[in-house]
Each structure stands twice: as C-alpha cells, then as structure tokens.
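Trainee: Requesting a structural model of the entry that follows:
(chains A and B)
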Amino acid sequence: MKKQLLVYGAGAIGRGYVPWVFPPDEFDLTYVEENDSLREKLNKQKQFTSYCTKNGAYQKLVVPISNCIKPGDELSSINNYMGIVTAVGPRQVLSLKDNFQKADCPIVLFENDSSLSVQLNHLTGKSNIYFGVPDVITSNTAPKELLDQDELSIVTEDGVCFIEEGAKSLGGINDYVSKEELHKQWMAKLYIHNTPHCIAAYLGALQGKQYLHEGMSNPAIYALVEGAMNEMRDMVVKKYNLDQEFVDWYAKKELGRFANVILYDPIIRVAREPFRKLALDNRLIGAAQLALSMGIVPEFLIKGILAAFLYNKENDADFNITTLMNALSPDNFLKLIINLSTHDALYKCIMTRWDNTLDELKGLQNDN
Amino acid sequence: MTTKLSRLEIAIKAAVDAGNLLVSHYGKISKLKQKESLRDVVTDIDKLSESAILTVLNKNDPDFGVLTEESGFVGPETEDFWVVDALDGTVNYIHQVPLFSVSVAFFQGGKPVIGAVYNPLAKDLYYSELGKGSFKNQIQLKIEDTPITENLMSMAFSGKLYKPEERHKEFELFGKLNDNSQGCLRTGSAAMNLAYVSDGHFGAAVGKASKLWDIAAGLVLAESAGAKVNYKLIDKERHLVDYIAATPQCFSDIINTVKPSYLELDI
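Mentor: The predicted structure is shown next:
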C-alpha cells in the first residue's frame, strides 16, 4: 500500500520537485492549493508531468494525484496522512500553525528559512516539524513544447534533498542528515545559492528578460553574479568554517544551474518580494553584513542590492519599492525602508557607491 | 536625468523632508505663539516645516493650490488641491512627547485620494493612494475586522472655541467610547490616530470639528487599509470635519452602542 503524503502548495517545489523525492510508485500525493484555477486543472487531469533536466536532456515523470483540495478542506482528515510537506513560501507557512497543531505525523518545511520549523514547533508545542533543504532549482513552468503536451508541465533540476534526520520515517529519496550537516548545506544554499540566484534575477529583470538563463547569457551579468558568488563563498568559509573544496564545488555547480538553458526558470519567480530578500537578516542585506563582518567588502553584492532596489514589477507584492525609490533620497531609503543605521558600515559602503552603481546598472539596462 | 514624480511620490517626499526638519529641531523650541486656545499653538518650526513641504509641492506639482494650516490657501485657486499639516501634534512636539507627524494629502473631486503621514521620530512612514492599499514603510497594511470590545479607540476634540456651550457632549462621547472599548485615547495627533487605525493599533479614530489638514491624509490611509470611513465637512469656512474611521465591526458597534449623535454624519 502506498504512503499518503499531504503537500501544501502545488507551485515550483511542491509540484515540480516533491514527486522526484517522494516518487509516485511509493507515495499517493494530495495537494492543498489556494489557486482556484490550478486546483481545478489538477483535479480535472488527476495527473501532471514533471521534467527533470539531466545531462542537458529531460527525464519525464507522470505524477498521478489523489486530490487537490482548497485550504481548510484537509483539516478533517489531517491525521490520515503519514507525512506532510510544505512549499508555500515563508510568508504563508506560519498561518498553517493551527493545522499543524492537529497533525501528529512528521511535517517537513521546504521554505527557505531555517527558523520557521523552530518557530512552529514552539508555537504548536510540538516537535514533529522539521526543516528540509531541497538543493535544487525548480521552475514553476516549462517551455512551450512541453506545455503543449500538458499545460501543467513543470521543469526541475536533478537535485539533492536534505532533511533533518528526525523525519526519517517519511522515507522517499531523501538524505536524512544530522543538524550539523543540514546546517552546512543550508549555509551553502542560503549564501552561495540564494544570494547570487536572486541577484541574477534582478540583473536579468533590468534587461527585461523572462528567464534566468537569458540574463546569464550576457557576459556582464554573468561576471557580476560570479563576483557576488565568490564574495559569498569567501564569507561562508571564514564565517562558518565550511570546507574550501566543498564551497568551490558548490559555487561552480550553482553558476552552471543559473545558466541552465533548458530549465526555464522565470525571473519573476526568483525576484519576487524584494523586501523580504532585503530584510536585515536575509540573503542580500544580511549576507552583505556578514561579508563585512568577515572583512570582505561586498562590492558585487552591493550592485546586486541596488539591482533589487530597482526591481519594478506592478504585480509583485512589493511593487511599492519603486514608489519609495523614486520618492526618497538614498539616505532616507536606506534608513527608513532598509532599516540601516547611518553608523552601519554597509550604509556607508552603499552610500559611497550609490551613484556609480546606478550608472553601471543603467548601462546594463541599455546593453540589451 | 530627473524622473517626474507621481503624486504619491511627491506626498511622500514632502512628508519626509519636513519630518527630517522637525527631528533636527526637536527639543530646541523655545518660542511659541498661542492661536485660538491654550492648546492651539504655533512655533517657528511649524512654519519652517510648512515651507519645506511647499518647496517640494511647488517644484513637482506647481499647477495646484495648497491648503495649509499656517498660511491658508496658497498657489493657484484650483478645484483639486493639496492639503498639508506641517506639524500635527505641535503641543506634543513642544513638550517632547514623541507622537507628532507631518500630514500631506491631495484632494481630487472633493475627496482626499492620496495621503502620506510621517512620524519622524518613530521613522514610521504611512502612505496610500485611495483603493491601492496602505503601507507603513515597506509593509502593506490590512486591518483585521474586530469588534469594539477588542480594541483601543481614539478621539480628537474640537478647538476650545468651537461651540463651548456644547463641549460636554464631546466628553460624553469620549466617555462612551472609553467605557465600551479597551479604552479611548486623546493622543494629540489626529493624523496619527488615523494612521494607527490603518496599522491596527486603534480600532477607531473619531473626531469632532477636526481641521481638514489634520485628517485628510489619514482618512485615505484608513480607508485603503480596509477601514470603514465616514466624514462630513461641517464648516466650510473653517475647514472643520466630523468623522469616524474604524474597522467595519467597530464602526457598527460605535453607531449601535455608543450612538454618536453629536457627530454630524450622514449614516
């Protein structure tokens, strides 16, 4: 009998990657999805196709699903599942607190924020909520020829999924690891992957590109992303004592991923919600602070930060960033919106580079 | 190259420029002049701050007039116009109570449609374009609809010279708001009361004969964040407004329980 798995979120990771690590021959997947249109399509088709990029080609996986239900409808049967995974975004996952309170099975959060599992265990008074690091890039769409065959097609890379060892009973094709190993993988993902990944998206957005690999094909963007990645690589070695050979391998792997021409990773997916990424403890400002604390002046990262300030998408949750950039002086923007103090080294670094960096980014905008 | 600013961007810029000026003079004010009453005072910094706002408005939107607290209506006589209070909460400012603000609004078609309220000491910048969401700094605000019993109220009183014979009615209203909720505050800044409604700190902001420049921007903030807002210009000459801005449940509770008949609203 197959294991019943409840998956919150039928987006990139939930639909594209989860079936590769919790494969359909072993697991029955039930999705909880708030997007009405996607939910209807999934229920109508009762399956979708996920493609994994391996050695420059696609490997196909047809994923049958038990059901796709709207949020709230899962509550009455939540204890019928032997496991729960979430991939709904850090801003949303805390709202699942009451649901988790009722669930006794292992719950794995694929949410790009290691503090959330700690917070949710604390809030629910339980200890069955674990952090997972899917070391992979998954698009939330697919190229036209694949969408023509199945409009719910999605493309992922061939990654590795690291999960805290307490959730081991879930099984699947996952690496259940110690907290120490997970921390190493998370630090590498957070800074050598997440930081340059979103910078690549913001730089690509400046040129009006749709997919990440399109921006990375521009040598100037590639060089800026590589520069930021090197700063992060040097930072994690100094700050977290990660092995040099491991981080060199990791950085090289990531650059290849960002440029993967068959992944079709949408820039709006990676660049979304810039204010979250610009929070003091997150992958841009937080990462730059860490670099400075290790004696590394994050020249390339600062260019990425300013590219994030310029991210201008009407439909993004943080669309007001453009209003604030236009209305406020650099000094006021950094103090009021980014919450940097004038005594902060990063504040000074950004202020002294503001005009030149904006000129450079505008040059990039025109070099299209 | 200078980008032409949108009206919301102009409001934000004006509010922040003036707010920074207020901070630089905070705690250094000695001269003040009494206006209508003991608590209606003006300082040199009110005028300096107003001048900073007018500089931004004249530079970026010179075709529209500006209704100000200190200088009256300045600039062209236009149907649509800016409404500014360069320092809302002057008495707090003088006594170094860190609750005061700059309020900048734009009136279009007889109603406020853009608002920015800036509390410079707290570094809280509220802004909104009517119907397009309210924000505090980078965060979008959305009020939770909760009843009066779960909320803190706020009320702004009229100037002392406004119908002194009926003053007891305002205190009566204040008392009822206070007794039917978790308490009612008179903060000294009507603009901040409304900003706090948009932010969920207050369940309601109620005002009798408030000056239009005190509340115009705040009304936009509260409405765009999901509050139910009702206001009426009760004295055109003196720009006096009665209003309630509240979570929908608080609004109903105020109407049904507190029965604010002293407010001249069309409800």
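Trainee: need the contact list for the residue nearest the centre of chain A.
Mentor: Residue closest to the mean C-alpha point of chain A, counted by C-alpha atoms, centre = their mean, is residue A:112 at 5.9 Å. Applying C-beta atoms under 8 Å, 6 or more residues apart in numbering or on different chains to residue A:112 gives the contacts A:90, A:190, A:194. For every residue, glycine as well, the C-beta is placed using N, CA and C.
Trainee: Quickly list the domain ranges of chain A.
Mentor: Domain assignment of chain A by automatic domain parsing yields the ranges A:3-177, A:182-366.
Trainee: so how many other residues sit close to residue A:368?
Mentor: Neighbour count for residue A:368, taken as other C-beta atoms under 10 Å in any protein chain shown: 10.
Trainee: and the contacts of residue A:112, which are buried?
Mentor: A:190, A:194 (16 or more other C-beta atoms under 10 Å in any protein chain shown).
Trainee: Tell me the pLDDT of residue 115.
Mentor: Reading this off chain A. What the model reports for residue A:115 is a pLDDT of 92.
Trainee: To clarify, I was referring to chain B.
Mentor: Taking residue B:115 on its own, its pLDDT is 98.
Trainee: Quick one: list the elements packing against the host helix or strand of residue A:324.
Mentor: Taking DSSP states H and E as the criterion, residue A:324 maps to helix A:320-327. Contact analysis of helix A:320-327 by 3 or more C-beta pairs under 8 Å, 6 or more residues apart in numbering or on different chains; DSSP states H and E lists helix B:7-25 as its packing neighbours.
Trainee: one more time with 10 Å, if that's ok
Mentor: Counting contacts by 3 or more C-beta pairs under 10 Å, 6 or more residues apart in numbering or on different chains; DSSP states H and E, helix A:320-327 is packed against helix A:274-277, helix A:299-309, helix B:7-25, strand B:124-129, strand B:134-136.
Trainee: As JSON lines, the ones you listed with mean neighbour count, mean pLDDT and distance to residue A:84 would be great.
Mentor: Output for those, formatted as JSON lines (neighbours: other C-beta atoms under 10 Å in any protein chain shown; pLDDT from 0 to 100; distance: least, C-beta to C-beta, whole Å):
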{"stretch": "helix A:274-277", "mean neighbour count": "23", "mean pLDDT": "96", "distance to residue A:84": "24"}
{"stretch": "helix A:299-309", "mean neighbour count": "24", "mean pLDDT": "98", "distance to residue A:84": "33"}
{"stretch": "helix B:7-25", "mean neighbour count": "23", "mean pLDDT": "96", "distance to residue A:84": "42"}
{"stretch": "strand B:124-129", "mean neighbour count": "26", "mean pLDDT": "98", "distance to residue A:84": "38"}
{"stretch": "strand B:134-136", "mean neighbour count": "24", "mean pLDDT": "98", "distance to residue A:84": "34"}
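Trainee: want to try JSON lines for those, with distance to residue A:241 as columns?
Mentor: Listed next are the helices and strands packed on helix A:320-327 as JSON lines, based on distance: least, C-beta to C-beta, whole Å:
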{"stretch": "helix A:274-277", "distance to residue A:241": "25"}
{"stretch": "helix A:299-309", "distance to residue A:241": "21"}
{"stretch": "helix B:7-25", "distance to residue A:241": "43"}
{"stretch": "strand B:124-129", "distance to residue A:241": "41"}
{"stretch": "strand B:134-136", "distance to residue A:241": "40"}
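Trainee: Compare the ones you listed and report which one is nearest to residue B:190.
Mentor: strand B:124-129 (13.4 Å; C-beta to C-beta).
Trainee: Next to chain B in this structure, residues from the stretch 151-300 of chain A, please.
Mentor: Applying C-beta under 10 Å from any C-beta of the partner chain, we find that the stretch 151-300 of chain A lies next to chain B at A:274, A:275, A:276, A:278, A:279.
Trainee: So the helix or strand of chain A with the lowest mean pLDDT, near chain B or not?
Mentor: Within chain A, judged by mean pLDDT, DSSP states H and E, the helix or strand with the poorest mean is helix A:90-93; its value is a mean of 88. No - figure legend: helix A:90-93 not in contact with chain B (C-beta under 10 Å from any C-beta); closest approach 11.1 Å.
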